[in-house]
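Colleague: Can you look at this prediction? I've put the sequence above it.
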Amino acid sequence: MEITLRVNGTAHRIDVEPRRLLSDVLRHRLELTGTHVGCEHGVCGCCTVLVDGEPARSCLMLAVTADGAEIRTVEDLAAPDGTLHPLQEAFRRHHGLQCGFCTPGFLMTALPIYRDAPAMTDAQLREALGGQLCRCTGYVGIVDAVRAAAAIEDSR
Amino acid sequence: MTTRMFGERVERREDARLVTGAGRFTDDFEHGAAEVAFVRSEHAHARIADVDVAGALDVEGVFAVYTHEDLDGGFAEPLPLLTPHEGLVAPRTQYALARDEVRYAGETIAMVVAADRYVAEDAAERIRVRYEPLPVAADLAQAAEDPANLAGRFSEEVGDVDAALADAPHVFEWRFEIERSASMPMEGRAVVARWDDSERRLLVHDSTQAPTGIRGGLAALFGLDIEQVHVVAPDVGGGFGVKVMQFYPEEVLVPWAARQLDRPVKWTEDRREHFIGSNHERGQIHVVRVGCDADGRILALETRFVHDAGAYCPYGLIVPVITAAQLPGPYKLSSYRYEFRAVFTNTVSVSPYRGAGRPQGAFVIERTLDRIAAELAVDRAEIRRRNLVQPADLPYDVGVTFQDGGPTVYDSGDYPRGLEMLLDAVGYEGFAAERERAAAEGRRLGIGLAAYVEGTGIGPYEGAAVNVLRDGTVTVATGLATQGQAHETVFAQIAADELGVALEDVRVTTGDTRRIGYGVGTFASRSAVVSGNAVHMAATSVRRQAQELAARLLEADPEDIELADGEVRVKGAPGSAIGLGQLGVVANPLRYAFGRDATEAAMFARKAYASGEAPLREGATPGLNAVEYYSPRSGVFGFGMHAAVVEIDPDTCNLLIRRYVMVHDCGRVINPMVVAGQMHGGFAQGIGGAFYERIAYDESGQIVNASFMDFLIPYATEVPAPVLLHTETPSPNNALGVKGVGEAGTIAVPAAIANAVADAVGQPVDRMPISPLALFEMLHP
């Protein structure tokens, strides 16, 4: 089936089987391997991307259902000159990652909310991030990073 | 002068690629490769009467279908037994593809190689396996009753336990049970192999914790020279023990198929496969007899325990051996005896998972202490004070055999100080009043304490190759692999200090046998100790080479040469400097030029000849580089003390962790940020082990919760930020004074939580993990 996937501002006209997962098409067809797959049943959140601005589990979407949608992946966060996005910078400063496998999903989940994070209580922020699993960090660095990102942005 | 990097909180060198999606995990390689799907046993125990693959062969895009009878040579033999032990009575390992019999649900029976995973799964569905079901032993306690299930047994005794129990004023007997759990890294396992037939070389990318072992084993299986086989562990999405098997079936089958088909072949595990095909741990049942005096001092402790080995025992008896050796923790047991039986069950095989038998040991001793305290009405902090090993006792020999076969000797640490720091930080003194206030509001609060000593940094060895490049970059390669431990940063810190270069100028590679052929692997909290010291040794060797050569060039004494700011120079003589990279070029006295600096190298050679010397002095190598290996005589022992304050939600029986304090000591700290991260992450896994994570088998040997919907890994909403305090007691056993920290955070958590919950509900909690349902049943008998 012919579809148009608009990923990180580029339109890709591709022919895909209707059963292909969006995660697989992003990773293996478009070779955007920053999006990771941890469970393939929508619980771990490693595969989270933005679909029309909202976080979505790309392992629970068929690529054909994303026809025409605007998709954003972790590869789109840093500036073209390599300058890290404030969220990425915050994850580095606050040790918000260890193995890095869940990180793209956390970044894409936090992207729509990090500006609001400084005003959230700890419980609210943890709830907002509470659909993403991390097996390495114990979440301490991740929560700190999401809270700190807006200030990093403002100081630039 | 270059700032000293060891001990600094520096940001990680690996993060830039990982936050931008530029990391490369195994499934990110070889997009066009053929892909594999497996047919896995539906039965926990059965004879295989027939495997009919005909339907699969017709599927378009299928390249091959294999069963055991297709395998040849060593590939058709059982997979290796990694750690032989004299106590093993019936060692058993599985075939890469089952031959005649399957012993757990999930065991690999047939392998389909196809154009991609979708097609491979289509074909795998068409393979018909005819099973003749056999009796299933899924439950540990039941399996232990049948002697035919015995995998191995072992016992040791320090002192005379029977005599001490006979004389003890108080003797108690309790049963403790720890259920099965699993590492569950976010990235499952994955293998991709490329056979180059013209060069006769095999290149394997493997999401493993031990690529050098995989390489050696594959070379032996294929009958290839070791130089023809390379294994790379690229970015690895977590390990926690489960990825250090050597070998899982897929790790031999994927390279074998790549060579058979002469095309790249890839297998990427899905989560269901991970639950039923990657190793588990933890399941043990202990029966403890303990004798103590009226003050609660332990005079004798005996544990008789059964250990769930799963269907096969590729790791021998390592997990129960560690449990047994480390159960005493920081406590001086006047006499101690353990006697364990490792029991086969029709479940996924067991190998170490973060903590590796220690969480069970800590659970047993810490619950025992709390129960003695309750029986004798002794305060729970006080009973620990009375039983701790004292600083004057160190080095302290526990008297039983450590996992490496040597004695278990604690090298350094101040346990009483750690305990007092803990009590102070958690507010132990004031807790009774706090609990009363809460009780007045109808809230149930409890406090729990738990401690551990962890043997870390075991051998046999690791190596490091340090090399100075022409632009002054220092490369460091070590054989063990990385799954998030910040090796690229901490090893760079060690090398940067020794060679006087900036951290950014050190580039570390781990887990790539193309860079260094010998190594062991990342497990047992050993990397910082064993590879760290190897990096230190190799960098020191390169520093000495630089000093010797610069002394000749600058006509000074080698002892007066310092390495700093990327330069090699005479102390106190500005203007005498030569860049480290330039010195490296000069150290390779070639005549032909590959850059401006090489002219000087050639001139240097001329000068040497003119003065009657050889350009390379005896024992010297071209360039500035060294490979060194560190092989420790024994492990080094870190320790920690945990305290939990919990509240039980009266409506949901959910566990609310109000405060959690960890005091720990891992010797000298290379990077406090990384150490904190290891402790935080270990803590989160401990919370999972205490309350949420349990692999649940039914009586037919099927896992009933084989998904993240049902096997509950804690989210950010379940894991609070703990308070972390350190003591820093250098190990006298290695030059850096470091001890391991990788597993430390996990070990004591289930014990501390159990003690806190027991305190909150006023009843013993002798089974892990607990759950809301278990708590409800306790509170509403």
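Modeller: It's in.

Colleague: is it true that residue B:99 touches residue B:77?
Modeller: No: counting by C-beta atoms under 8 Å, residue B:99 does not reach residue B:77; the two are 9.8 Å apart. For every residue, glycine as well, the C-beta is placed using N, CA and C.

Colleague: Comparing these two, which residue is more hemmed in?
Modeller: residue B:99 (17 against 13; other C-beta atoms under 10 Å in any protein chain shown).

Colleague: tell me the SS of the nearest residue to residue B:271 once chain neighbours are set aside?
Modeller: Distances taken as C-beta to C-beta, 6 or more residues apart in numbering or on different chains put residue A:39 closest to residue B:271, at 4.3 Å, once the chain neighbours are dropped. Following DSSP: H, G, I helix; E, B strand; the rest coil, residue A:39 is assigned to coil.

Colleague: can you pull the contacts of residue A:39?
Modeller: For residue A:39, the contact set (C-beta atoms under 8 Å, 6 or more residues apart in numbering or on different chains) comprises A:46, A:59, B:271, B:707, B:708.

Colleague: For chain B, give me the ranges with low pLDDT.
Modeller: Filtered on pLDDT under 70, chain B yields the residue ranges B:1-2, B:591-598, B:600-602, B:605.

Colleague: Most proximal residue of it with respect to chain A?
Modeller: In chain B, the residue that lies nearest chain A is residue B:21 (1.9 Å; C-beta to the nearest C-beta).

Colleague: Provide the secondary structure category for the most centrally placed residue in chain A.
Modeller: By C-alpha atoms, centre = their mean, chain A has its centre lying nearest to residue A:108, at 2.5 Å. With three-state DSSP as the basis, residue A:108 sits in helix.

Colleague: how about the nearest residue to it, chain neighbours excluded?
Modeller: residue A:48 (4.6 Å).

Colleague: What is the burial count for the residue of chain B closest to chain A?
Modeller: Applying other C-beta under 10 Å, we find 23 residues neighbouring residue B:21.

Colleague: can you give me the strands in chain A?
Modeller: Secondary structure of chain A (DSSP state E): strands at A:2-7, A:10-15, A:48-51, A:54-57, A:70-72.

Colleague: partners of the last one in the sheet?
Modeller: Neighbouring strands of strand A:70-72 in its sheet, by DSSP bridges, are strand A:2-7 (parallel), strand A:48-51 (antiparallel).

Colleague: What is the linear distance spanned by stretch B:509-524 between its boundary residues?
Modeller: Using C-alpha to C-alpha, to the nearest Å, the end-to-end distance of stretch B:509-524 comes to 20 Å.

Colleague: mind listing what residue 113 touches?
Modeller: Since you didn't name a chain, this refers to chain A. Contacts of residue A:113 (C-beta under 8 Å, 6+ apart): A:128, A:146.

Colleague: Hmm, no, I was thinking of chain B.
Modeller: B:34, B:35, B:36, B:62, B:63, B:64, B:65, B:66, B:120, B:257, B:261, B:265 are the contacts of residue B:113 under C-beta under 8 Å, 6+ apart.

Colleague: And those residues, which of them are buried?
Modeller: Among the contacts of residue B:113, those classed as buried by 16 or more other C-beta atoms under 10 Å in any protein chain shown are B:34, B:35, B:36, B:62, B:63, B:64, B:65, B:66, B:120, B:257, B:265.
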